[in-house]
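Student: dropping the sequence and predicted coords here.
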Amino acid sequence: MNKIMPLARRGISSSRLALGCMPFGGGWDQTPFTDEHVKEAEAAVDAALSIGITMFDHADIYTKGKAEQVFGRVLNNRPELRDQIVIQSKCGIQLGDDELPGRFNFSKEHILHSVDGSLERLGTDYLDILLLHRPDPLVEPDEVAEAFASLKASGKVRYFGVSNMSAAQIAFLQQAIPDSFAVNQLEMSLGHLHFVDQGVHVNQAAGTAVNFAEGLMEYCRTQNIQLQAWGPLAQGKFSGRDVKDQPEHIQEAAQLVQQLANEKETTPEAIVLGWLMRHPAMIQPIIGTTNPQRIKACKDAERQSQLMTREEWYTLYVSARGESMP
């Protein structure tokens, strides 16, 4: 059964996979990026494009702004790319320094300032999508609404979304913001199963250990909000990383992933992502690597999601969680 991504229903033409650009530009310090960092980013972008990836995920804070700067250099070298891709960035986190701690900021002034900074670093006139990065306890929805209205009216941002938010937090913001959110980006993977466990453990004592907002998956699906997964490859736990120091069930799940990859003549990455994409919510994985070979290893993920049986999906789930179903 062919399904349509929530982004597509809004007229946003995006690939099923996206490339996370957090590693671009070097370290999270004040060391300037180099031409080598630009070449590394270009190689990652080329690898992504070669497997059909057209969405690139950023945030104003990634490598302290260098990630967007490096991507901006890539676009400057190849300006024709801008009309072929979707650029998504985030704002709302302020990194700590010698005087102040790390904090969140959804004030109108900060949102507008952050977007202007992202546009300057990226060398583009607009963002396709802007996400609020993490919930700000001091948020005033009307102030966010004013910022979004200004950004949309000026053409600086086309669509808006959130990251790491519950259904209640989204609904609280939405009552002041006329444009419905397009995206909610959350940690979801075969190694971070709370998004599945939350539903499975309704009326179960085991549910007290689950850290995922109740009803969030259902809310996003009902509201046509694209669910995006950060960390979808689980830091390579199931696709090649040495897991000898991991619990036995993780080792067994990694072996199962490799077994399925061998049987289906594909890669472990495609199996891990295919498992996530098999979920009927049409989850969009944001793969976060600059390694061209690893990016290309994800090429078969969508096909594997279509081929994966219910039995294979549950076998992987139960293996990775290390406990039988309730």
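Tutor: Nice, I can see it.
Student: spit out the contact partners of the closest residue to R321 other than its chain neighbours.
Tutor: Leaving aside its sequence neighbours, R321 sits nearest to L193 (CB to CB, 6 or more residues apart in numbering; 5.4 Å). Bear in mind the C-beta positions are built from the backbone N, C-alpha and C, glycine included. When contacts are counted by CB atoms under 8 Å, 6 or more residues apart in numbering, L193 touches Y317, A320, R321.
Student: again, but for D128
Tutor: Taking CB under 8 Å, 6+ apart, we find D128 in contact with I12, V86, I87, Q88, R158, Y159.
Student: out of these, grab the one that's most surrounded.
Tutor: Ranked by neighbour count (other CB atoms under 10 Å), those have Q88 at the top, with 27 neighbours.
Student: so that residue: helix, strand or coil?
Tutor: Put simply, Q88 is strand when judged by DSSP: H, G, I helix; E, B strand; the rest coil.
Student: mind listing the residues bridging to it?
Tutor: Here Q88 sits in beta bridges with D57, I129, as judged by DSSP bridges.
Student: residue contacts, G240?
Tutor: For G240, the contact set (CB under 8 Å, 6+ apart) comprises P268.
Student: name the SS class of it, please.
Tutor: Applying three-state DSSP: G240 is coil.
Student: any idea how far it lies from V257?
Tutor: 10 Å (CB to CB, to the nearest Å).
Student: quick one: common contacting residues for those two?
Tutor: P268.
Student: looks to me like V243 is in a strand.
Tutor: No: with three-state DSSP as the criterion, V243 is coil rather than part of a strand.
Student: for it, give me its contacts.
Tutor: Neighbouring residues of V243 by CB under 8 Å, 6+ apart: K237, I250, Q251, A254.
Student: and with 10 Å instead?
Tutor: Contact analysis of V243 by CB atoms under 10 Å, 6 or more residues apart in numbering lists G236, K237, I250, Q251, E252, A253, A254, Q255.
Student: now do E218
Tutor: Contacts of E218 by CB under 10 Å, 6+ apart are A167, Q198, G199, A281.
Student: hmm, F172 and P137 touching each other?
Tutor: No: contact criterion CB atoms under 10 Å: P137 and F172 do not qualify, at 11.7 Å.
Student: show the average pLDDT along the helix or strand harbouring K39.
Tutor: Assigned by DSSP states H and E, K39 belongs to helix 35-50. Here helix 35-50 scores 98 as its mean pLDDT.
Student: so where do the helices sit in the stretch 101-250 of the chain?
Tutor: Taking DSSP state H, counting those that start in this stretch, the helices of the stretch 101-250 of the chain run over residues 108-122, 141-153, 167-174, 194-200, 216-222, 248-264.
Student: just send the ones you listed back as JSON lines, with distance to E311 and mean pLDDT too.
Tutor: Shown next, in JSON lines, are the helices of the stretch 101-250 of the chain (distance: least, CB to CB, whole Å; pLDDT from 0 to 100):
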{"stretch": "helix 108-122", "distance to E311": "44", "mean pLDDT": "98"}
{"stretch": "helix 141-153", "distance to E311": "44", "mean pLDDT": "98"}
{"stretch": "helix 167-174", "distance to E311": "31", "mean pLDDT": "98"}
{"stretch": "helix 194-200", "distance to E311": "16", "mean pLDDT": "95"}
{"stretch": "helix 216-222", "distance to E311": "22", "mean pLDDT": "96"}
{"stretch": "helix 248-264", "distance to E311": "11", "mean pLDDT": "96"}
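Student: same list, the ones you listed, but as TSV with distance to I271 please.
Tutor: Below are these laid out as TSV (distance: least, CB to CB, whole Å):
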stretch	distance to I271
helix 108-122	34
helix 141-153	39
helix 167-174	30
helix 194-200	17
helix 216-222	22
helix 248-264	5
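Student: so which of these is nearest G231?
Tutor: When the helices of the stretch 101-250 of the chain are compared by CB to CB, helix 194-200 sits nearest G231, at 11.7 Å.
Student: same for the closest one, what does it pack against?
Tutor: Here helix 194-200 touches strand 183-187, helix 216-222, helix 310-321, going by 3 or more CB pairs under 10 Å, 6 or more residues apart in numbering; DSSP states H and E.
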